[in-house]
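1. the amino acid sequence is not available; the structure is as follows:
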């Protein structure tokens, strides 16, 4: 026996059927609406979770989670997408480490190199003891979110600079 039994009112059922028939919603929302319609035991056509999985091609855990969300938190919560919570513990480069990375990227490259690579920057952060380990993608993302530009106050490619005339005459 399922722990969470879905019983929809006539208005809720009509709203879900209208949403599914129009198809004008996000795919996830439509799938959750179909799950709720199939799981409804108010009209005597209740399907088991395994039958819903077979009919819609979703996961068993998804079906049970949508049932639980409807019963415990309501229709809107069961249909809408929840955002992932922020993960501050996963951000390795922030604050002082980020500032040090920018300073390092703007400094002269190591001997024998013409410029800093992401791998060189990542290795240097580890050598300096600022982080235990860091990947090049993390370094790239940290540098991308900054607006640092070598020698320019405006972000972007190269700006036009006026060129002096070779003839020394006035330009008209």
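-> Great, that's in hand. Remember, it's a predicted structure, so these values are computed and weren't measured experimentally.

2. do you know how far the residue nearest the centre of the chain is from residue 90?
-> Central residue of the chain (C-alpha atoms, centre = their mean): residue 84, 8.2 Å from the mean position. Residue 84 sits 11 Å away from residue 90, going by C-beta to C-beta, to the nearest Å. Bear in mind the C-beta positions are built from the backbone N, C-alpha and C, glycine included.

3. quick one: secondary structure of residue 92?
-> Of the three states, residue 92 takes coil under DSSP: H, G, I helix; E, B strand; the rest coil.

4. rewinding a little: the residue nearest to the centre of the chain - that's part of a strand, no?
-> No - using three-state DSSP, the assignment for residue 84 is coil, not a strand.

5. just the pLDDT for it.
-> On pLDDT, residue 84 comes in at 75.

6. quick check: residue 137 is in a helix.
-> Yes - per three-state DSSP, residue 137 lies within a helix segment.

7. neighbours around it, how many?
-> 10 (other C-beta atoms under 10 Å).

8. which ones are touching residue 38?
-> 47, 51, 52, 55, 56 (C-beta atoms under 8 Å, 6 or more residues apart in numbering).

9. what helix or strand does it sit in?
-> Assigned by DSSP states H and E, residue 38 belongs to helix 27-39.

10. distance between the next helix-or-strand element following that helix and the chain's centre?
-> Per DSSP H and E, helix 27-39 leads on to helix 49-56 as the next helix or strand towards the C-terminus. The chain centre lies 29 Å from the centre of helix 49-56; the measure is C-alpha atoms, centre = their mean, to the nearest Å.

11. for the helix or strand containing residue 124, the distance to its chain's centre please.
-> Element membership for residue 124 (DSSP H and E) is helix 118-127. Relative to its parent chain, helix 118-127 has a centroid offset of 26 Å by C-alpha atoms, centre = their mean.
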